[in-house]
Structure formats: C-alpha cells, structure tokens
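# Predicted structure and sequence below. I'll ask about it afterward.
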Amino acid sequence: MSYSDAMFHHYQILTKTVDEYRKGRTIVLLGDSAVYRKYLAETYGITDCMVVTIVKEKAGNGLTHIEEIKGRNDRYYIVAPRLQKDLELQMRLYSYGYEDFEDCFFYNHGTIRLIRGTEKYSDPYGNHIHSPSCDVLIDQFATHLQIDVDSSCKFGKGGLITAKGFGGAKVTIGEKCVFENNVTLLVSGDAEVSIGSKCLFVRNSEMIVLGGTTLHIGKNCLFSFDIKIYCGDGHPIFDLKSRTRLNLQSKDNPKSIIHIGDHVWAGMRSIILNRTVIGTSSIIGAGSLVKGEFPNNCIVAGVPAKMIRKDITWSGDYLLDDINAIPEEYQYLTGEAPSEETDL
Ligand SMILES: CC(C)(COP(=O)(O)OP(=O)(O)OC[C@H]1O[C@@H](n2cnc3c(N)ncnc32)[C@H](O)[C@@H]1OP(=O)(O)O)[C@@H](O)C(=O)NCCC(=O)NCCS
C-alpha cells in the first residue's frame, strides 16, 4: 500500500465513525485537508463542509473564524483531519462545548498505553484489544487494530506489543504461550501476526512485522534468547534499470511472509527475515540468518542459513532420552510431512 493509499484507507475507516456520530450536522474541518475533502465528496457526496481557521485575518474566502462555531455543537460536527496533534486547539474546542466523539473527532488520537491487566479495550477508532498479560502501546494514528492475546499467556518484565500507523493490524496469540523478560512485538500498518499455542520465547527477543507483511508461527515452538524476527525491509529498494520497486510489501507478494511451522526450535541470536518458510519440527542453529524455504525435520544453520542435516526431530524436554515420547506428528522424514498451507 502506498502512503497516499494508506492515508485514503485511514480516512475511509475513520469517516465511518464520523458519519455515525455527526447525526446530520454540518461537518466543520478544523484545518483544511484537500485529500479529506476529496474523500468526503467522492464517498459521501458531502461538498458543503466548512473549514475553520484560528487566524482572524485569514477568515473570509471560504474560511470561517473558529469563534463562530462557539457553542454551536447542535449544528456543527468538528473533524480535525490534520496529522499534527494540536493540544491548544483541542482544548479550545472543548472550552467551546464540544465533546470527543459526540461533537468532534481528532484523527490524531495521541498515544494510548494499555497497562497489563486491561481485560478488554475498544474505542471509536475501531481498535479492539484483548491483552491482559502484556502492555500495549497504540501509536497516535493506529485504528482498527485487532489484538487478541489468549488470557492464559504469560509475559515477563518488559513485554510489549506496539502498533504503529494506519492500516488495522491483526495479532492473534494462542493459549499458554510464555514470553520471558523483554520480548516485544511491533506491528505497523496492516501487518498480520498469528502465533500458535504453547510457544516459548526466552528473554530479549524482538519481532517486527511491517505493513503489508505476515508472520505466522505454529504451535509448540521454542525461541531461544536474543532472537530477531523482522518481516519487511523497512525501506524501499528500487531497480535502476526497470525503475520498479524491488521490495514492495503487500499481501499479494509472497516475499512478504514468514511462515514458521509447528514445533520449530530457533537457536539463540538467530535472525529470521521475510520470504522464509520453515517446516514443522525443524531447528535453526544459533546465530543463523534465515531467509528462504526449508522443509520439515531438518537443521538449518549459518549465515545465510543452509540445510546442514535432514531427518531429525527434537524435544523441548532436555532430560528426554526416548524418541518414542515425541509425538508422531513431529517425526516425519524431511520432505515427507503433510504439506502446510503457505502463500509461498
Ligand atoms: C545446529 C545445532 C543444533 C547442532 O546441530 P548438529 O547437527 O549437531 O551439528 P554439528 O555440530 O554436527 O555440526 C554440523 C555442521 O554444521 C555446522 N554448524 C553447527 N551449528 C552451526 C551454527 N549454529 N551455525 C553455523 N554452522 C553450524 C558445524 O560447524 C558443522 O560443520 P562442518 O560439517 O563443516 O564441520 C547447534 O550447533 C546449535 O546451533 N544449537 C543451538 C543452541 C542454542 O541456541 N540453544 C539455546 C537453547 S534455548
């Protein structure tokens, strides 16, 4: 999604909320936005919105001075489409008798921090969060987030889920996952993350999943310490000859995913990048840099990681000596496990 597409999408989802609350009142824009006016005209046929200014000398020529809307919340619904947060302006509006959502709407909602212990959180920006054991930081523009961390999960000190930017990211974490100290997840834009049940993340690991990308982790996985999972490059790369972008992140681009099967063990300090598939019951060696497609029940290691051993399985129980105690679903020969559905 390009920046302007993302902005448009942002306006689109927020205008649904504006439309619900304004109840026929005239929309008054606090600070102009050509993109937003275009959106209102094209989507809702609204072409008569007023634009207010705080500068008296600028009033006239289509601009109304802000004092004229004082106490008129029966008639006007105020929208501040500007991306900069202007607290002074916001306070002024409140002093004029306008209330959040009922009478006015700020696209920049400021940073929202949910402290662990918050059972359920929803807001008129379409954010729905259930993350009782982990703090969640919602960036100033993040809307339509769906974050659902199962109540049985445990996060240690420093655990944090951060959501940034427009797009409506989705995060689902299954039951009984344990995240030891300082394990963090950052999602931006329309990123999607799913983590299966009973995964263990040992301390100091970071997952970053950028807009347009998807991270899937199966069940019963073990992530050692100091691991980085980075889905998306963060910056565009262009080919000079074809003039095209090489690393477009989008749901249609198979390079934009990381798919880790069930019962995968990632060794300490490994780095896992997008365009990666790792099959069930495989192992990533310590310090490896993983980018590519690898089958089930193998060991991959090195920089860049290559398959160094086939036909293995492993156990999370370090005292186990009997292979028969390992579930059969984790004992396929390499390349013979039932195929997993991935987008690659
Ligand atoms: C990969 C690993 C599991 C060992 O697998 P193995 O099949 O027993 O591997 P071996 O020791 O027989 O080594 C086989 C080859 O792979 C290489 N190799 C092993 N681990 C490697 C690694 N992490 N990175 C690069 N190469 C590695 C060895 O140097 C050897 O190469 P060679 O054949 O050229 O000599 C182990 O080295 C490892 O990385 N363990 C992870 C430890 C960890 O992070 N523990 C945290 C617990 S939560």
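Right, received. Where do you want to start? Residues are numbered from 1 along each chain as shown.

# Quick check: residues of the stretch 151-300 of the chain near the ligand?
Counting by Cβ under 6 Å from any ligand atom, the positions of the stretch 151-300 of the chain adjacent to the ligand are V202, S224, G267, M268, I283, G285, A286, G287, S288, I299. Backbone N, C-alpha and C define where each C-beta goes, glycine included.

# Can you give me every residue that contacts the closest residue to Q249 other than its chain neighbours?
Setting aside the residues directly before and after it, Q249 is nearest to G212 in space (Cβ to Cβ, 6 or more residues apart in numbering), at 3.3 Å. For G212, the contact set (Cβ atoms under 8 Å, 6 or more residues apart in numbering) comprises M1, G189, D190, A191, G232, L248, Q249, S250, K251, N253, S256.

# what's the first-to-last distance across stretch 140-156?
From the first residue to the last, stretch 140-156 extends over 26 Å; the measure is Cα to Cα, to the nearest Å.

# follow-up on the earlier one: ok, and the most crowded of the contacts of G212?
Looking at the contacts of G212 with neighbours defined as other Cβ atoms under 10 Å, the largest count falls to A191 at 28 neighbours.

# which residues sit in contact with that residue?
In this structure, A191 makes contact with G167, A169, K170, V209, L210, G211, G212, T213, T214, L215, C231, G232, judged by Cβ under 8 Å, 6+ apart.

# I figured the fourth one hits I217, correct?
Just to be clear, that refers to V209. No. Between V209 and I217 there is no contact, the gap being 10.7 Å when judged by Cβ atoms under 8 Å.

# Residues in a beta bridge with the spatially most central residue of the chain, which ones?
The centre of the chain sits closest to V187, judged by Cα atoms, centre = their mean, with a distance of 3.0 Å. Applying DSSP bridges to V187 gives these bridge partners: A163, V209.

# Show me which residues of the stretch 1-150 of the chain are close to the ligand?
Where proximity means Cβ under 6 Å from any ligand atom, the stretch 1-150 of the chain presents no interface facing the ligand.

# pLDDT weak spots in the stretch 1-150 of the chain?
Along the stretch 1-150 of the chain, the model assigns pLDDT under 70 to residues 1-6, 83.

# Can you show me the helices along it?
Using DSSP state H, counting those that start in this stretch, the helices assigned to the stretch 1-150 of the chain run over residues 3-22, 34-39, 87-95.

# Pull the first one out as CSV, backbone CA atoms only.
Spelled out, it's helix 3-22. Below are the C-alpha coordinates for helix 3-22, written out as CSV (Å, rounded to 0.1, in the frame of the first residue of the first chain):
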residue,chain,number,x,y,z
TYR,A,3,1.5,6.2,1.6
SER,A,4,-1.4,8.0,-0.1
ASP,A,5,-3.4,4.7,-0.4
ALA,A,6,-2.8,4.2,3.3
MET,A,7,-4.0,7.8,4.1
PHE,A,8,-7.1,7.2,2.0
HIS,A,9,-7.8,4.0,3.8
HIS,A,10,-7.2,5.8,7.1
TYR,A,11,-9.8,8.4,6.1
GLN,A,12,-12.2,5.8,4.9
ILE,A,13,-12.3,3.8,8.1
LEU,A,14,-12.4,6.9,10.3
THR,A,15,-15.2,8.6,8.3
LYS,A,16,-17.4,5.7,9.2
THR,A,17,-17.1,6.7,12.8
VAL,A,18,-17.7,10.4,11.9
ASP,A,19,-20.8,9.5,10.0
GLU,A,20,-22.1,7.5,12.9
TYR,A,21,-21.7,10.4,15.4
ARG,A,22,-22.5,13.5,13.4
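
# by contact count, what packs against that helix?
For helix 3-22, the elements it packs on are helix 34-39, strand 76-80, strand 104-106, judged by 3 or more Cβ pairs under 8 Å, 6 or more residues apart in numbering; DSSP states H and E.

# Make TSV from the ones you listed and add mean neighbour count to it.
Compiled in TSV, the helices and strands packed on helix 3-22 are given as follows (neighbours: other Cβ atoms under 10 Å):
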stretch	mean neighbour count
helix 34-39	16
strand 76-80	23
strand 104-106	23
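
# partner residues bridging L200?
V178, L222.

# Let's have the contacts of A191 in a markdown table, adding distance to G316, secondary structure and pLDDT.
Formatted as a markdown table, those follow (distance: Cβ to Cβ, whole Å; DSSP: H, G, I helix; E, B strand; the rest coil; pLDDT from 0 to 100):
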| residue | distance to G316 | secondary structure | pLDDT |
| --- | --- | --- | --- |
| G167 | 35 | coil | 82 |
| A169 | 29 | coil | 96 |
| K170 | 28 | strand | 98 |
| V209 | 24 | strand | 98 |
| L210 | 30 | coil | 96 |
| G211 | 33 | coil | 93 |
| G212 | 33 | coil | 93 |
| T213 | 28 | coil | 96 |
| T214 | 25 | strand | 97 |
| L215 | 21 | strand | 98 |
| C231 | 24 | strand | 97 |
| G232 | 29 | coil | 95 |
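
# C49: which of the contacts of G212 is nearest?
Distances from C49 to those, taken as Cβ to Cβ, are shortest for M1 (26.1 Å).

# How is the protein partitioned into domains?
Using automatic domain parsing, the domain parsing of the chain gives 3-108, 112-330.

# Single out the most deeply packed of those.
Of all these, domain 112-330 carries the top mean neighbour count, a mean of 19, counting by mean count of other Cβ atoms under 10 Å.
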